[in-house]
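Peer 1: Need coordinates for the following:
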Amino acid sequence: MKNNQDITQDIKKILFTLKKNIKKILKKKKNLYLKYYRMFKDINSIRLFKEPKNSKSNYWLQTIILQKPDLKIRNFILQKTNDIKISTRPVWQLLDEIKYLGKTPKMNLDVSKKLEKQIINLPSSPNL
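Peer 2: Sure, this is the predicted structure:
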């Protein structure tokens with residue numbers, strides 16, 4: 001079993017490698033975003049999430065947003081894309097909908113529930 005010093009050394013090696021490759025990874029991720037942008041730009045009912053003005057995205061997660069909240073359409077897209085081996089996934093499951101957390105305190109979740117019906121995460125690997 002590794003001790004804390006060995007684990008620390010492993011983490012340092014991983015971070016050094018990541019730092020060394022981060023520019024290349026970010027460039028690939030931006031290129032992936034641009035590919036997705038070209039794919040979705042003419043589809044009025046879907047928009048690709050883009051970096052806000054005055055921001056610099058790392059393009060770590062690629063996301064499409066349906067024009068209108070519709071769980072049936074979202075689920076249809078998820079099913080069809082996954083059927084052809086494109087690993088899309090929903091944005092999240094709200095914690096209050098998980099059985100054991102259902103009775104915990106919460107605030108108004110109307111916006112989150114609306115977004116849950118609109119957002120689909122796309123494959124985002126820099127190696128695509």
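
Peer 1: Return the distance of residue 16 relative to residue 125.
Peer 2: Counting by C-beta to C-beta, to the nearest Å, the gap from residue 16 to residue 125 is 21 Å. For every residue, glycine as well, the C-beta is placed using N, CA and C.

Peer 1: again with residue 5
Peer 2: In this view, residue 5 and residue 125 are 32 Å apart by C-beta to C-beta.

Peer 1: same thing with residue 55?
Peer 2: With distances taken as C-beta to C-beta, residue 55 is found 22 Å from residue 125.

Peer 1: Which of those two has more residues huddled nearby?
Peer 2: residue 125 (11 against 7; other C-beta atoms under 10 Å).

Peer 1: Excluding sequence neighbours, find me the nearest residue to residue 123.
Peer 2: Counting by C-beta to C-beta, 6 or more residues apart in numbering, residue 123 lies nearest to residue 87, which is 5.3 Å off, once chain neighbours are set aside.

Peer 1: Could you verify that that neighbour is part of a helix?
Peer 2: No. Counting by DSSP: H, G, I helix; E, B strand; the rest coil, residue 87 falls outside a helix, being coil.

Peer 1: just checking, next helix/strand downstream of the host helix or strand of residue 5?
Peer 2: Using DSSP states H and E, residue 5 maps to helix 4-40. For helix 4-40, the succeeding helix or strand toward the C-terminus, using DSSP H and E, is strand 46-48.

Peer 1: List the neighbouring strands of that following strand plus their orientation.
Peer 2: When pairing is defined by DSSP bridges, strand 46-48 lines up against strand 62-66 (antiparallel).

Peer 1: Name the residues of the partner strand that come out as buried.
Peer 2: Across strand 62-66, burial judged by 16 or more other C-beta atoms under 10 Å covers 62, 63, 64, 66.

Peer 1: so it versus helix 4-40, what angle?
Peer 2: 40 degrees (axes from the mean of the first three to the mean of the last three C-alpha atoms, to 10 degrees).

Peer 1: in the protein, what secondary structure element scores lowest on mean pLDDT?
Peer 2: Across the helices and strands of the chain, the lowest-confidence element by mean pLDDT, DSSP states H and E is helix 4-40, at a mean of 90.

Peer 1: centre of the chain versus that one, how much separation?
Peer 2: 15 Å (C-alpha atoms, centre = their mean, to the nearest Å).
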